[in-house]
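*Asks:* sequence first, then the predicted structure:
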Amino acid sequence: MIKFAVEKTVKMKIHFIAIGGSAMHNLALALHAKGYEVTGSDDAIFNPSKSRLEAKGLLPKEFGWFEEKITTNLDAVILGMHAKKDNIELKKAQELGVKIYSYPEFLYEQSKDKTRVVIGGSHGKTTITSMILHVLHYHEREVDYMVGAQLEGFDTMVHLTDDNEFIILEGDEYLSSPIDRRPKFHLYKPNIALLSGIAWDHINVFPTFENYVEQFQIFTDSLTNGGIMVYNQEDVEVQKVVENSTNFIQKYPYETPKYTIENGVTYLETAIGKLPLEIFGKHNLQNLAGAKWICQHVGIDQDDFYEAIATFKGASKRLEKIAESETAVIFKDFAHSPSKVKATTNAVKKQFKNRKLVACLELHTYSSLNADFLKEYEGALATADVAVVFYSPHAVEIKKLEEVTAQQIANAFKRDDLIIYTNPKEFKEFLFSQKFENTALLLMSSGNYGGINFDEVAALIN
């Protein structure tokens with residue numbers, strides 16, 4: 001009698017401390033899809049994370065932290081930024097000697113035998129990563145990935161396999177975990193990388209511009225020997241960082257390609273003629289040029305890139321069109337840092353130069369609500385015909401920042417006709433009282449202006 005050995009697949013057991021975050025819950029879903037045994041904890045989880053975890057049976061039965069969930073049976077713990085240093089589950093894992101990974105550390109562990117492509121920069125990361133994934137998906141090229149927005153045609157923001165040769169990673173410069181203060185993109189050790197731009201952000205972590213720029217120098221020097229760096233040569237700081245690097249890497253500069261705007265449509269000028277695009281704005285054309293270089297290094301030729309990129313409609317909340325009529329259009333955008341606000345406002349004005357541009361910015365982040373940082377916004381809304389800033393004094397209080405006054409904001413933007421609101425009801429009344437004939441409305445925020453329903457806003461012109 002012949003006996004056959006049956007190979008037993010051992011499932012890795014991974015526990016997430018702070019599973020409810022946007023990035024964390026997507027990684028949990030990706031590992032679950034890969035066959036891992038996934039558990040997690042969090043003190044609060046909101047939609048869409050909540051419903052997505054629940055659909056896969058990964059939603060914790062009750063919210064809170066429970067040290068009994070941490071045992072030596074776990075292969076690893078993944079620690080999210082939402083957790084604190086004194087988290088009881090973290091302390092138990094440290095006590096028991098369970099392996100603890102930050103989010104980026106674990107992604108590197110999953111991809112150390114792959115070709116790692118990392119997209120970095122103060123702005124444009126999500127859009128460029130989305131463009132690359134859109135093109136690869138269009139041509140049915142399978143890759144692993146991690147991107148910071150939900151993309152059309154993709155189930156999750158993270159996808160991990162054992163088989164794919166490439167992984168495309170959005171490289172965030174924010175901190176890795178409560179116990180690892182290194183920027184995330186320092187941990188990926190890319191074979192191929194891109195730098196889109198450097199504009200001071202995350203002032204609560206990087207208190208000086210010089211300290212912030214240094215993080216991109218470290219990133220550039222973290223490329224593997226002989227690696228490829230694609231970089232925006234029109235950004236002075238990026239050019240200095242990359243071209244002054246003594247790391248043994250190949251350097252591929254890019255710049256804004258030639259384009260025209262006709263009847264509200266942007267056309268990219270190519271060797272085979274004008275190519276109509278769904279996206280617009282000089283910053284997005286720069287993003288496209290960078291994405292093209294990356295795709296070529298991954299194996300997509302120029303003509304195939306153009307064929308696919310013509311159907312790219314943009315990443316979620318990045319100049320996302322939420323309504324359009326014959327005489328009006330409404331966009332919402334994630335823009336909050338000064339450079340992003342300026343680029344987005346300029347792009348909409350240039351695209352719709354014969355329409356009145358009403359640009360509304362919510363100051364919502366730690367940096368944007370910092371009194372010392374406000375001066376960086378000078379000129380950011382200069383091309384808007386009507387410029388509005390909304391901020392919540394309560395948000396300043398919650399973030400334990402110094403009080404910011406309307407006068408400080410007015411002084412910072414250096415615009416005499418700047419309209420400032422601190423009351424959500426008053427801002428909503430202003431917005432809903434506007435006449436939107438021959439108008440482009442731009443809503444820039446990482447929040448919702450104290451409770452605005454964007455579907456109701458969209459209905460204003462429908």
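*Replies:* Arrived safely, thanks for sending.
*Asks:* in the stretch 101-250 of the chain, which spans are strands?
*Replies:* Under the criterion DSSP state E, counting those that start in this stretch, the stretch 101-250 of the chain contains strands at 115-120, 144-146, 158-159, 166-170, 175-177, 180-183, 192-195, 228-232, 250-254.
*Asks:* so which of these is nearest residue 103?
*Replies:* Distance to residue 103, taken as CB to CB, is lowest for strand 175-177 among these, at 6.8 Å. (Glycine included, C-beta is placed from N, CA and C.)
*Asks:* number of residues surrounding residue 16?
*Replies:* For residue 16, the count of nearby residues is 29 (other CB atoms under 10 Å).
*Asks:* so it, which of the three states?
*Replies:* With DSSP: H, G, I helix; E, B strand; the rest coil as the basis, residue 16 sits in strand.
*Asks:* is it in contact with residue 83, as I believe?
*Replies:* No. The criterion here is CB atoms under 8 Å, and residue 16 misses it with residue 83 at 9.7 Å.
*Asks:* just to revisit the earlier point, possible to save the strands of the stretch 101-250 of the chain as TSV with mean pLDDT?
*Replies:* As requested, the strands of the stretch 101-250 of the chain are exported to TSV (pLDDT from 0 to 100):
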stretch	mean pLDDT
strand 115-120	98
strand 144-146	96
strand 158-159	95
strand 166-170	98
strand 175-177	94
strand 180-183	95
strand 192-195	98
strand 228-232	98
strand 250-254	98
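*Asks:* and of these, who's closest to residue 206?
*Replies:* Checking these against residue 206 by CB to CB gives strand 180-183 as the closest, at 8.9 Å.
*Asks:* in that closest one, what's buried?
*Replies:* Neighbour counts using 16 or more other CB atoms under 10 Å place 180, 183 of strand 180-183 among the buried residues.
*Asks:* rewinding a little: now render the strands of the stretch 101-250 of the chain as a markdown table, adding distance to residue 460.
*Replies:* Shown next, in a markdown table, are the strands of the stretch 101-250 of the chain (distance: least, CB to CB, whole Å):
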| stretch | distance to residue 460 |
| --- | --- |
| strand 115-120 | 35 |
| strand 144-146 | 36 |
| strand 158-159 | 36 |
| strand 166-170 | 33 |
| strand 175-177 | 39 |
| strand 180-183 | 40 |
| strand 192-195 | 38 |
| strand 228-232 | 36 |
| strand 250-254 | 39 |
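*Asks:* wait, what's in contact with residue 392?
*Replies:* Listed by CB atoms under 8 Å, 6 or more residues apart in numbering, the contact partners of residue 392 are 422, 424, 450.
*Asks:* can you rerun that using 10 Å?
*Replies:* Counting by CB atoms under 10 Å, 6 or more residues apart in numbering, residue 392 touches 362-364, 369, 398, 421-424, 427, 447, 449-450.
*Asks:* how about it, phi and psi?
*Replies:* The phi/psi pair for residue 392 (degrees, to the nearest 10) reads phi -110, psi 120.
*Asks:* export stretch 250-265 as CSV, just CAs?
*Replies:* Presented in CSV, the C-alpha positions along stretch 250-265 are these (Å, rounded to 0.1, in the frame of the first residue of the first chain):
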residue,chain,number,x,y,z
GLN,A,250,19.5,55.7,-12.6
LYS,A,251,17.7,59.1,-12.9
TYR,A,252,14.8,59.8,-15.3
PRO,A,253,13.5,63.4,-15.2
TYR,A,254,10.0,64.3,-16.5
GLU,A,255,8.2,67.5,-17.1
THR,A,256,4.7,68.8,-18.1
PRO,A,257,3.9,67.4,-21.6
LYS,A,258,2.4,69.7,-24.2
TYR,A,259,-1.4,70.1,-24.1
THR,A,260,-4.2,72.3,-25.2
ILE,A,261,-7.7,73.0,-23.8
GLU,A,262,-10.6,73.2,-26.3
ASN,A,263,-14.2,73.7,-25.2
GLY,A,264,-13.5,72.5,-21.6
VAL,A,265,-11.6,69.4,-22.8
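*Asks:* using the three-state scheme, assign the closest residue to residue 257 other than its chain neighbours.
*Replies:* Using CB to CB, 6 or more residues apart in numbering and skipping the chain neighbours, the partner closest in space to residue 257 is residue 289 (5.2 Å). Three-state call for residue 289 (three-state DSSP): helix.
*Asks:* what count of nearby residues applies to residue 289?
*Replies:* The number of residues packed near residue 289 is 19, by other CB under 10 Å.
*Asks:* wait, it sits on residue 230?
*Replies:* Yes. With contact defined as CB atoms under 10 Å, residue 289 and residue 230 form a contacting pair (9.2 Å).
*Asks:* joint contacts of these two?
*Replies:* Common neighbours of residue 289 and residue 230 (criterion: CB under 10 Å, 6+ apart): 128, 253-254.
*Asks:* which residues pair with the residue nearest to residue 233 when sequence neighbours are not counted across the strands?
*Replies:* With CB to CB, 6+ apart as the criterion, residue 233 has its nearest non-adjacent residue at 3.7 Å, and that residue is residue 253. Beta-bridge pairing of residue 253 under DSSP bridges involves residue 231.
*Asks:* what's the spacing between residue 253 and residue 232?
*Replies:* From residue 253 over to residue 232 the distance is 8 Å, taken as CB to CB, to the nearest Å.
*Asks:* so between these two, which is more surrounded?
*Replies:* Taking other CB under 10 Å, residue 253 and residue 232 do not tie; residue 232 has more neighbours (27 against 17).
*Asks:* still on that earlier bit, tell me the contacts of the residue nearest to residue 257?
*Replies:* Counting by CB under 10 Å, 6+ apart, residue 289 makes contact with 128, 230, 232, 234, 253-257, 268.
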